[in-house]
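> here are the coordinates; sequence isn't available:
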DNA sequence: CTTGAGAGCTGAACCGCATTAGTGCATGCT
DNA sequence: AGCATGCACTAATGCGGTTCAGCTCTCAAG
């Protein structure tokens, strides 16, 4: 900026005013300064900007997962891609970190905030007993929780969520009307907020209809557990006629396991995947799946965060309920 | 730091010396200062550090992919996870960005470097005619190219690579000894350095053995193209007896397509996937696959970058050749 | 007893920007 | 003519660190 000031024949502060669109300089001077800056290829140093109170121009994103669990999962890349789209418009950087568990994640938030590395964070995989909202509140770190339920205990946090409960209800509804009475839900990690929401809703739906052969089993989301649980429930005394899997990986593995056991999909057992991806179209029959727009989900979350950074109020935004794409893996229940 | 200085009864510079392990203070004072800093929960502001010449303590990672291509791909997440492991030890942040194409990627490097946002970058998906090494050279931005071939034209860049050529040769060797003479390689994106390396090696191997029914077909890595190409080559006049797919997604889609055409795997056609993941164990038969340790790959790349940041020389590191995991999808060629 | 060297510490400058409190000048108003 | 007003701009300060040139002691060597 000193160089620009010299070349343009003005003071450094005039340059600052000109380049930041603030009043205090004539349009003439502003244009001249802009042009000189352009010629010199000037870019503001984010460090200096941050030091003088402008914030870090960066938001943080932490993924708490053991390295080996990071498997075939299209959701996060898509989410991040959507987030980026919005952040890029405002030239905000995304600081990304993978850690082992939520405790480490909290430590990262503490450090980032203390070091002024980020202006806000995006939180994923909210849990039922989650230390993070409390921490973020305590720190005063602006944050958007992705996938959480509305949470009136933390008015400072924005939330972006999909209505799992509604989706689960509609899936059960669909299966019920196809004649299914015994349904097993192969759920994801216990403790995750959306896992528990789905489980609760399923139970409520079952009770409402007086169904006894309906239950949820939690897993670690892996193909191995998906297949194992599938085998177990299909070989049990009173096997289900429909299976709902909490992700695509388990659904595919589960469908394969069912086929191996000599059960035909969907004649013997219907399969629904709670996540749509290319995977669901790589097996025969193609899997019926709940489809949501993960990229748009990311965009929405990022928009909420930028709104928060602009000083806007925390909000709770609901993205559209995922809709069921009917493919070949769901059909009428076989007569008992 | 001013507070710490006051509490410890020393000057601010003494605090700086003490906390950064520099000489100039007694061990007594150092301990005292450290303790006060601890009590006050002090953390250095990265912005201030960066401003006074210490660098940004951040490395950049750009993924140039259209949003919709970010599908089922375990490689990148694993790579990033490995990178993180190494960076986290040194408290280096990872600035992550997804862009549409290489031109945008170059713009991001320019901006990051000009804004002093990063100290170095990790470059993936090198191409045959790639503008990035030239740009990085020109900028003087420390960088590690992941997956490129050794490149003596850019002595400033480090390279971490796997020997695709060797791996391809050994795969062809294995298939040849199983009696396969007609092999089709369903390759990835043309223009990617490793795609071209594999294609060249395959051709060389074929010529060496006087095989005429061997060729490569490039694709966009998608399941759709993988399946389409598979159908096309299998229905051609002189169909191959073995297929090599450049990623797991295409291999699975291709195997499914072959089965649909009534070809049995591996009796009629052998399938090899150039990427191992849970996907390969989700279909019957399980796919034989080239397995590499993507997490370790990431660690190695990150280590090279930190070495570069420490002022070390640029190096070219070769990670172990991926090894073929023989599963059920490869077998002896059917007699002609 | 003087001198020199080194250890331990301080004060001030600096990094690149934003911001605030002036400064000088032309203009309009009375 | 005298004065307030507003505009265009400058000088100075601060953000939170690092660094470098001293400065003061102490202690050993001469």
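That came through, no problem. Computed from a predicted structure; not experimentally measured.
> is the host helix or strand of residue A:7 up against chain B anywhere?
Element membership for residue A:7 (DSSP states H and E) is helix A:2-8. No: figure legend: helix A:2-8 not in contact with chain B (CB under 8 Å from any CB of the partner chain); closest approach 13.7 Å. (Each C-beta comes from the backbone N, C-alpha and C, glycine too.)
> need the contact partners of that helix.
A:11, A:12, A:14, A:15, A:29, A:32, A:33, A:36, A:37, A:40, A:42 (CB atoms under 8 Å, 6 or more residues apart in numbering or on different chains).
> please pick the buried ones from those residues.
Neighbour counting by 16 or more other CB atoms under 10 Å in any protein chain shown classes A:14, A:15, A:29, A:32, A:33, A:36, A:37, A:42 among those as buried.
> tell me how chain A divides into domains.
A:2-43, A:55-163+A:294-321, A:164-291 (automatic domain parsing).
> mean confidence for the shortest one?
Confidence over domain A:2-43, taken as the mean pLDDT, stands at 89.
> residue contacts, the residue nearest to residue A:116 when sequence neighbours are not counted?
Residue nearest to residue A:116 in three dimensions, not counting chain neighbours: residue B:45, with 5.0 Å by CB to CB, 6 or more residues apart in numbering or on different chains. Residue B:45 is in contact with A:50, A:51, A:115, A:116, counting by CB under 8 Å, 6+ apart.
> how close does the closest residue to residue A:91 other than its chain neighbours sit to residue B:95?
Closest residue to residue A:91 apart from its sequence neighbours, by CB to CB, 6+ apart: residue A:57 at 6.7 Å. For residue A:57, the distance to residue B:95 equals 11 Å [CB to CB, to the nearest Å].
> need the overlap of contacts for the two.
residue A:93.
> quick one: the host helix or strand of residue A:14 near DNA strand D?
Using DSSP H and E, residue A:14 sits within helix A:12-19. Yes: residues of helix A:12-19 contacting DNA strand D under CB under 7 Å from any atom of the strand: A:12, A:13, A:14, A:17.
> kindly identify which of those also come near DNA strand C.
Counting by CB under 7 Å from any atom of the strand, the members of the residues of helix A:12-19 next to DNA strand D near DNA strand C are A:12, A:13, A:17.
> compute the distance between the first one and residue A:3, please.
In this structure, residue A:12 lies at 10 Å from residue A:3, with CB to CB as the measure.
> what of the second one?
When CB to CB is applied, the distance between residue A:13 and residue A:3 equals 15 Å.
> please apply the same query to the last one.
Counting by CB to CB, the gap from residue A:17 to residue A:3 is 17 Å.
> the strands in the stretch 201-336 of chain A, which residues?
For the stretch 201-336 of chain A, applying DSSP state E, counting those that start in this stretch gives strands covering A:214-218, A:242-245, A:270-273, A:288-291, A:316-319, A:323-325.
> report the distance from the longest one to the chain centre.
Looking back up the chat, that one is strand A:214-218. 23 Å (CA atoms, centre = their mean, to the nearest Å).
> list the buried ones in it?
A:214, A:215, A:216, A:218.
> quick check, pLDDT for the nearest residue to the first one once chain neighbours are set aside.
Going back to what we said before, that points to residue A:214. Nearest residue to residue A:214 in three dimensions, chain neighbours excluded: residue A:206, at 3.8 Å (CB to CB, 6+ apart). We have a pLDDT of 95 for residue A:206.
> run a quick neighbour tally on residue A:206.
20 (other CB atoms under 10 Å in any protein chain shown).
> do the same with residue A:244
With other CB under 10 Å as criterion, residue A:244 counts 26.
> hang on, it packs against residue A:180?
No: in this structure, residue A:244 is not within contact of residue A:180 by CB atoms under 8 Å, at 10.1 Å.
> can the strands of the stretch 201-336 of chain A go into TSV with extra columns for distance to DNA strand D and mean pLDDT?
Converted to TSV, the strands of the stretch 201-336 of chain A look like this (distance: least, CB to the nearest atom of the strand, whole Å; pLDDT from 0 to 100):
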stretch	distance to DNA strand D	mean pLDDT
strand A:214-218	44	95
strand A:242-245	49	96
strand A:270-273	49	96
strand A:288-291	47	94
strand A:316-319	33	93
strand A:323-325	49	90
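> so can I have JSON lines of the ones you listed showing distance to DNA strand C?
Formatted as JSON lines, these follow (distance: least, CB to the nearest atom of the strand, whole Å):
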{"stretch": "strand A:214-218", "distance to DNA strand C": "50"}
{"stretch": "strand A:242-245", "distance to DNA strand C": "51"}
{"stretch": "strand A:270-273", "distance to DNA strand C": "49"}
{"stretch": "strand A:288-291", "distance to DNA strand C": "43"}
{"stretch": "strand A:316-319", "distance to DNA strand C": "29"}
{"stretch": "strand A:323-325", "distance to DNA strand C": "46"}
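> quick one, helices of chain A?
A:2-8, A:12-19, A:27-40, A:46-49, A:74-89, A:102-114, A:131-139, A:164-177, A:193-209, A:223-234, A:248-260, A:294-309 (DSSP state H).
> residue B:81 is nearest to which of the ones you listed?
With CB to CB as the measure, helix A:74-89 is the member of the helices of chain A nearest residue B:81 (11.3 Å).
> quick one: mean pLDDT for that closest one?
Computed over helix A:74-89, the average pLDDT equals 89.
> is chain B within reach of it?
Yes: Helix A:74-89 comes into contact with chain B (CB under 8 Å from any CB), by way of A:74, A:76, A:77, A:78, A:80, A:81, A:82, A:84, A:85, A:88.
> doesn't residue A:160 make contact with residue A:301?
Yes: using CB under 8 Å, residue A:301 makes contact with residue A:160 at a distance of 4.6 Å.
> how about the residues of the stretch 201-336 of chain A near chain B?
A:222-223, A:249, A:252-253, A:256, A:259-260, A:277-279, A:281-284, A:295.
> in ChimeraX, how would I select the buried members of the residues you listed?
Selection of buried members from those for ChimeraX, criterion 16+ other CB under 10 Å:
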select /A:222,223,249,252,253,256,259,277,278,279,281,282,283,295
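> tell me the one of the residues of the stretch 201-336 of chain A next to chain B nearest residue B:151?
residue A:278 (33.5 Å).
> not including adjacent chain positions, what is the nearest residue to the closest one?
residue B:223 (4.6 Å).
> ok, so what distance separates the one you found from DNA strand C?
47 Å (CB to the nearest atom of the strand, to the nearest Å).
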